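Peer 1: below are the sequence and a predicted model; questions follow.
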Amino acid sequence: MAVFNRVESERNVAEAIYDKTIMAGDGWMHELLPGQVLRIVDLEGNQAADTLFYDADNPDDRYSAAKTIAGQRNIYLTAGSVLLAESGAELLRIVADTCGRHDTIGGACSAQSNTVRYAHEKLHMHNCRDTFMLQLAGYEGGRFMKRDLAPNINFFMNVPVTPEGGLEFADGVSAPGCYVELQSIRRTLALISNCPQLNNPCNAYNPTPVRVLIWDC
Amino acid sequence: MNRIWDKTIEAGGKWSGTVGRGKLLTFTALRAGANVSLLLYNAADFTERYNMPDTLKAQHTAHLTKGNVLMSDNGRVLAAITEDSLGWHDPLGGYTTREETDAKYGESTYQRERNGWLRSGRENLTVELTRSGLGVRDLVPVVNLFSKIVVDEAGGMHFMSGHCPEGASVTLRIEMDALVVLSNTPHPLDPSTAYPSGPVRIEAFNAPPIGEDDLCVHYRPENRRAYENTWDYYALMR
Ligand SMILES: [Zn+2]
């Protein structure tokens, strides 16, 4: 049976040093210091928070989906998962999770992949990779570019792989208020695109805000 | 079909080169238990590269075989799998690092083992990328030819030992002028304690023109649209 590993946090929202709401279709890029804890809250449920992390001291090195899932021998992320970079370096650890499972395979929507997955007429629609590129372009004087994008995490998304090697897009497993908390192991950069996808039934065709909070430790 | 080129990549070896669209590359395992990690970049624009999620979600699959295509992050087809004796190649498991290779098979050095020292996927891919002006910044999840990973309902990843017999082969039809980067190094989840790598032969042929009923083009409507994007791209170039 499908396993969902739910672990609540004891952190108090009033003690957070940072609190921001990212509207659907918006992006966010922010540095986390070692030990700091980032909480991402799915405010209205079944939203996808497309997320990447970079080693801030070595920004050529970033979150790797394959390194992470092969390292833990499991394709899903949940409390206890350690996010690894391409080099194998440990970036962050998931320390709380009330959703219970997050996707590592589905990646981010883009204008071009929308034309492939849905129809050529979808090229104009807003998408996560545009959001990622706009955030990267504005960070540290343009040091980052599209080559710094790689398969990302989709927090709150469920993309099961079957034993026969099929890929499904299951109904959302998240609910209003579900959150995931990550503790930074080294100095990392977090990059979030709050997905504006209007072609996917997972969020009932209604993208909604997510909230990010940060605690010092 | 007339072979126009061939090369054998020895155990632990690596190779990269530019391959024009319309070429077929047939990979043959000269020993059981082969694994070749593959990356593809648009030769005219290295920022466009093989994208694992776009490839998998467009084709609703977590494994690759005949009929599947390898898509770029710009919604185009870099290569198609036109023949496959195995039925399953792994897009999930990634490549090995030096640390993993040393931990699993014991430390090996050139000083001691000479060219028998044990190579890692990351080092091989890094060298070939750097040779083309790219680097570790450009590493992304690879396709592991000849390997099979089964995912159970809880998400657990299981390496299928014995999947690849000697003589197994897979053919890629290159659909965009591409930088092809290869590392003939063990799959990270292969439990074998002896370094499981043998020679792999690559042969190149000129592909026949894509027919009206081409399997890869018509595998899914998504494949057709990705091909249309690719043909559109070349319509403006030549
Ligand atoms: Zn999206």
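Peer 2: Yep, that arrived.
Peer 1: those helices in chain B, which residues are they?
Peer 2: B:52-59, B:98-105, B:110-113, B:121-131, B:221-237 (DSSP state H).
Peer 1: mind putting these in JSON lines, mean pLDDT and mean neighbour count included?
Peer 2: Heads up, the C-betas are built off the backbone N, CA and C, glycines and all. JSON lines is the format used below for those (pLDDT from 0 to 100; neighbours: other CB atoms under 10 Å in any protein chain shown):
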{"stretch": "helix B:52-59", "mean pLDDT": "98", "mean neighbour count": "25"}
{"stretch": "helix B:98-105", "mean pLDDT": "97", "mean neighbour count": "16"}
{"stretch": "helix B:110-113", "mean pLDDT": "96", "mean neighbour count": "9"}
{"stretch": "helix B:121-131", "mean pLDDT": "98", "mean neighbour count": "20"}
{"stretch": "helix B:221-237", "mean pLDDT": "97", "mean neighbour count": "17"}
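Peer 1: do you know which of the ones you listed lies nearest chain A?
Peer 2: Ranking the helices of chain B by proximity to chain A (CB to the nearest CB) places helix B:52-59 first, at 2.4 Å.
Peer 1: can you tell me what sits against the closest one?
Peer 2: By CB atoms under 8 Å, 6 or more residues apart in numbering or on different chains, the residues outside helix B:52-59 that reach it are A:65-66, A:105-108, A:110, A:113, A:116-117, A:151, A:159, A:167, A:169, B:62, B:64, B:68-73, B:75, B:91-92, B:140-141, B:143, B:219-220, B:222-223, B:226.
Peer 1: do that helix and the ion meet?
Peer 2: No: applying CB under 5 Å from the ion, one finds helix B:52-59 separated from the ion by no less than 10.9 Å.
Peer 1: state the pLDDT value of the closest residue to A:G106 other than its chain neighbours.
Peer 2: Leaving aside its chain neighbours, A:G106 sits nearest to A:V159 (4.2 Å; criterion: CB to CB, 6 or more residues apart in numbering or on different chains). A:V159 is assigned a predicted lDDT (pLDDT) of 92.
Peer 1: may I have the secondary structure class of A:V159?
Peer 2: Using DSSP: H, G, I helix; E, B strand; the rest coil, the structure places A:V159 in coil.
Peer 1: give me the pLDDT value at A:M1.
Peer 2: 49.
Peer 1: can you check the one 3 residues further on too?
Peer 2: Confidence per residue is given as pLDDT, and for A:F4 that number is 89.
Peer 1: now do the phi/psi pair for it.
Peer 2: With angles defined as degrees, to the nearest 10, A:F4 sits at phi -120, psi 120.
Peer 1: how many neighbouring residues does residue 91 have?
Peer 2: Reading this off chain A. 26 (other CB atoms under 10 Å in any protein chain shown).
Peer 1: wrong one, I was asking about chain B
Peer 2: Here the count is done by other CB under 10 Å, and B:P91 has 26 residues near it.
Peer 1: is it in contact with B:M71, as I believe?
Peer 2: No: shown here, B:P91 and B:M71 do not form a contact pair, counting by CB atoms under 8 Å, at 11.0 Å.
Peer 1: check contacts around residue 187.
Peer 2: Went with chain A since none was named. A:E31, A:L32, A:L33, A:P34, A:D55, A:A56, A:D57.
Peer 1: try again with chain B
Peer 2: Applying CB under 8 Å, 6+ apart to B:H187 gives the contacts B:N35, B:D90, B:G93, B:T96, B:N144, B:S147, B:F159, B:P196.
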